[in-house]
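# The following comprises the amino acid sequence and a computationally predicted model.
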Amino acid sequence: MENIKEKKQDGFPRSFWTANLTELFERGAYYAMASFVVLYLGQLGLGDYWPSNLNGILWALVFFLPILSGTIADQIGFKKSMLIAFVLLAIGYFVMGYPVWFGNHTLNPIIGSEMTAGIGILLPIILAIGFIGIGGSIIKPCIAGTVQKTAGAKVTLGFGIFYMIINIGSLLGRGVSYVIRTEFDLSYIFAVSVFFSILAFFAVLFFYTDPEKENGQVEIEKKPKKSILKILADMILVLKNLRFALFLVVSSGFFFIYAQVYNVLPLYLQKVVELNPAVDLVTMANPFVIVFFQLLITKKFGKMKPINSIIVGIIIIGISMMINLIPIFMSGGVRTLTLGDWIPLGTLFITLTVGLIAFGELFTSARTYEFIGALAPKGQEGLFLGYANLPLAIGALIGGPAGAFIFHEIMCKDSTMLSSGLLELSPFWNSMGWIILMAIGFISALSMWLYNRWLQKNPL
């Protein structure tokens, strides 16, 4: 009996597993719709640029606002915070689908260049992005904080499980989304997101306990209240650190390219390669690679210095853009069917691109946190790590409009419309678009290498 009791104590507590189950549902909700946001907004008549602009704002909110929402969650408790967050998320996803479900608006299968959407579409979409951005930003610090507080000495294993669950949720959301949207229409990806958000709400309501209460504390320990002014002062303190500020700038290049998975790649697939691309299935290559190769990459390259690992990851993401030059100059071009006439050549290479980006992520993401922790002044590691997602927010915010510009103004320059509704791109300008994206990746890697040389020449 004693051995059994000891085994139970050695395992993770219930709140750890509930938090991970909740994260699975939350990621399922988000990635059920993430791959199609720019296409959905384009089909609603938001033109060439607004879909990517709004998508960039959505991602930026999700990754920037935890700086504020994490402080609030600490003060009112994770459970209350998550319940509020999932209500906001469910409302946000519902409002995103509202123009089609209740606003009598239809989705145009051919995305037009001009803005034709009126206030009846724009207002719900802007509100939805606000709700989803705020709700998503609250979840991140709550789940990560629960893992941190409940994993104890097994914190590395705990975050390994957490990272695996994120990607399983991503696979689940995309898979369910594919079944539902092919059965009904594209707007129902948001119904899937609402469903997963409701599941997560009830998982928290009935099964989650704040870690402090689970450990036997009567009340959650109240942390000193942190005002908005104090948070902004901390941000200035962090950004005044030249080493950290430079790192934010040079590492945002990776996330600029990563943002194109949800901006350029869907547009390229639907406007150039095939009219009804399975973008959800294509982007499943990202979580698939991470789930199946995470342990192998960690084992083989875990001892590599964090900065060198980050540089390798950025080089890989640059190469991931470069491979799309291959089908442009192959016989038949990007629309040539391959793999038993099942998939166009362009779609196959975009899938390989997404998979390569995931390999880059394996070399970069986790090591970024490790590097920032080492870069921070002693005693300020937690403060600096709170800003670790800023490069992703910067990359997404700039990557949305810049990605739209690269696609519409460079790739599509001198293009012609085919009778099918697809664009026939000039091989030269199509190539230039991918070369520019590749160059941004390589320049970012070179900048990181130069930054590392500067650190070595200017030690603390």
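Good, I have the coordinates.
# And the pLDDT for Glu381?
Per-residue pLDDT puts Glu381 at 67.
# what about the strands in the stretch 201-350 of the chain?
For the stretch 201-350 of the chain, the strands defined by DSSP state E, counting those that start in this stretch occupy 337-338, 343-344.
# Comparing the ones you listed, which comes out most buried?
strand 343-344 (a mean of 21; mean count of other Cβ atoms under 10 Å). (C-beta placed from N, C-alpha, C; glycine too.)
# got any ranges where this protein has weak pLDDT?
For the chain, the stretches with pLDDT under 70 are 1-10, 215-228, 379, 381-382.
# so which of the strands of the stretch 201-350 of the chain gets nearest Ile314?
strand 343-344 (28.5 Å; Cβ to Cβ).
# List the pairing partners of that closest one within its sheet, with orientation.
Using DSSP bridges, the strands paired with strand 343-344 in its sheet are strand 337-338 (antiparallel).
# I figured Met284 hits Val176, correct?
No. Under the criterion of Cβ atoms under 8 Å, Met284 makes no contact with Val176, lying 11.6 Å away.
# With neighbour numbers in mind, choose between those two.
Met284 (23 against 19; other Cβ atoms under 10 Å).
# give me the number of residues near the residue nearest to that one when sequence neighbours are not counted?
The shortest distance from Met284 to any non-neighbouring residue, by Cβ to Cβ, 6 or more residues apart in numbering, is to Arg174 (5.0 Å). The local packing of Arg174 (other Cβ under 10 Å) involves 28 other residues.
# Quick check: Arg174 touching Asp280?
Yes. Contact criterion Cβ under 8 Å: Arg174 and Asp280 qualify, at 4.3 Å.
# Overlap in contacts, these two.
Common contacts of Arg174 and Asp280, defined by Cβ atoms under 8 Å, 6 or more residues apart in numbering, comprise Ala32, Ser35.
# residues in contact with the residue nearest in space to the middle of the chain?
Closest to where the C-alpha atoms of the chain average out (Cα atoms, centre = their mean) is Trp59, at 6.9 Å. Contacts for Trp59 (Cβ under 8 Å, 6+ apart) come out as Ala259, Tyr262, Leu392, Ala393, Ala396, Leu397, Gly400.
# Doesn't it belong to a helix?
Yes. Assignment of Trp59 by DSSP: H, G, I helix; E, B strand; the rest coil places it within a helix.
# Leu450 is nearest to which of the strands of the stretch 201-350 of the chain?
Using Cβ to Cβ and comparing the strands of the stretch 201-350 of the chain, the one that lies nearest Leu450 is strand 343-344, at 39.5 Å.
# count of residues packed around Ile443?
By other Cβ under 10 Å, the residues close to Ile443 number 14.
# and it, what does it touch?
By Cβ under 8 Å, 6+ apart, the residues touching Ile443 are Gly253.
# list the buried ones in the helix or strand containing it?
In this assignment (DSSP states H and E), Ile443 forms part of helix 427-457. Residues of helix 427-457 classed as buried by neighbour count (16 or more other Cβ atoms under 10 Å): 430-431, 433-434, 437-438, 440-442, 444-449, 451-452.
# quick one: contacts of stretch 328-340?
Residues contacting stretch 328-340 (Cβ under 8 Å, 6+ apart): 272-274, 327, 343-346, 348-349, 422, 427, 430-431, 434.
# sorry, that was for stretch 103-121
39-40, 42-48, 50, 99-100, 124, 185-187, 267, 270-271, 275-276, 408, 421.
# can we see that at 7 Å?
42-48, 50, 99-100, 185-187, 270-271, 275, 421 (Cβ atoms under 7 Å, 6 or more residues apart in numbering).
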